[in-house]
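**Q** give me a model of this one.
(one chain, ligands or ions: 3)
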Amino acid sequence: MARIASEAMREQLEVYFIMGSVNCAKPPAEILAEAIAGGITLFQFREKGSGALVGEQKYELAKQLQHICQEHGIPFIVNDDVELALALDADGVHIGQEDGDARIVREKIGDKILGVSAHNLQEALAAVAAGADYIGVGPIYPTKSKEDAKKAQGPGIIRLLRRHGIAIPLVAIGGITAGNVGEVIAAGADGVSVISAIASAPSPAVAARQLAQAVHLSKKGAQK
Ligand SMILES: Cc1ncc(COP(=O)(O)OP(=O)(O)O)c(N)n1
Ligand SMILES: Cc1ncsc1CCOP(=O)(O)O
Ligand SMILES: [Mg+2]
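**A** Ligands and ions are numbered 1, 2, ... in the order given. Here you go, the predicted model:
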């Protein structure tokens, strides 16, 4: 298997849904299936926060959600836990600045997708040098879904990274809704990453569809 091509990565980032059991008011498998029906393009298993599953229960949930993704051709990314990603033969891993050295993670996972979080130009340049396939930038807007989230920076941080030559695929995260997708795509993001906009929606399918439509319209507008 070769590393994912940038253009394919950009498409997969369009509607990137992140979820773990703590984000779900109904069975996670149901929410994921509905989100897939609505048009998500990538999924991240993020089992984190107060009440999160650990050990065998975490593994079993990951396996169940991975199976649903596989049935629908949606790549399955694991947040933070490189060993779990390897044990499951997941499609990739997402790590942040506090999750270890991205170069070492790249060595461990070979050609699997590597996503790295960045909050400034220095971190973004380091992520590129370490071999990231995409960068997650945020929080862009205030979020309630991450306990230790940094201050929201607004879409200007995406514009700044693009202006300074960060050309690899970028996804915006933090407080994203269908109403603000346009701003982050116009700033240079290839897609949006959400937890609550889909997981907490009355209909995850409708929410995912609205996000997908907003991304497509905004990309047309930005002629991407
Ligand atoms: C797509 C995407 N972008 C950013 C993050 C945040 O990662 P991190 O900073 O490591 O924080 P946690 O999610 O681990 O709490 C992400 N998960 N996904
Ligand atoms: C994991 C993460 N990293 C930065 S903000 C965030 C949470 C995004 O959740 P929401 O889409 O509900 O704001
Ligand atoms: Mg992390």
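**Q** roughly how far does the residue lying farthest from the centre of the chain sit from Asn23?
**A** Here the chain reaches farthest from its C-alpha mean at Glu56, the gap being 24.0 Å by CA atoms, centre = their mean. According to CB to CB, to the nearest Å, Glu56 stands 20 Å off from Asn23. C-beta here means a position set from N, CA and C on the backbone, and glycine is covered the same way.
**Q** okay, buried residues for stretch 111-121 please.
**A** 112-119 (16 or more other CB atoms under 10 Å).
**Q** out of those, which comes closest to ligand 1?
**A** Nearest to ligand 1 out of the buried residues of stretch 111-121 is Ser117 (CB to the nearest ligand atom; 3.7 Å).
**Q** out of the buried residues of stretch 111-121, which are inside strands?
**A** 113-118 (DSSP state E).
**Q** ok, the residue in the chain positioned nearest to ligand 3 - how many residues close by?
**A** Minimum separation of the chain from ligand 3 (CB to the ion) falls at Gly96, amounting to 3.5 Å. Counted with other CB atoms under 10 Å, residues neighbouring Gly96 total 18.
**Q** what about it, distance to Lys26?
**A** Applying CB to CB, the value for Gly96 to Lys26 is 28 Å.
**Q** can you check Pro139 too?
**A** With CB to CB as the criterion, Pro139 and Lys26 are 26 Å apart.
**Q** the two: which is more packed in?
**A** Between Pro139 and Lys26, Pro139 has the larger neighbour count (other CB under 10 Å), namely 21 against 10.
**Q** I'd say that one and Ile173 touch.
**A** Yes. Using CB atoms under 8 Å, Pro139 is in contact with Ile173, at 6.5 Å.
**Q** how about the residues of the chain that lie near ligand 2?
**A** Residues of the chain found near ligand 2 (CB under 6 Å from any ligand atom) are 138-139, 143, 145-146, 149, 173-176, 194-197.
**Q** what do you get if the cut-off is 8 Å, keeping everything else the same?
**A** Counting by CB under 8 Å from any ligand atom, the positions of the chain adjacent to ligand 2 are 18, 23, 46, 79, 96, 117, 136, 138-139, 141-146, 149-150, 173-176, 193-197, 199-200.
**Q** out of the residues you listed, which end up buried?
**A** 18, 23, 46, 79, 96, 117, 136, 138-139, 141, 143, 145-146, 173-176, 193-197, 199-200.
**Q** out of those, which are inside strands?
**A** Using DSSP E to define strands, the subset of those located there is 18, 79, 117, 136, 173, 193-194.
**Q** and stretch 48-58, average pLDDT?
**A** Averaging pLDDT along stretch 48-58 yields 96.
**Q** that one: end-to-end distance?
**A** 10 Å (CA to CA, to the nearest Å).
**Q** can you tell me if that stretch touches ligand 3.
**A** No. On the criterion CB under 5 Å from the ion, stretch 48-58 is out of touch with ligand 3, staying 7.7 Å away.
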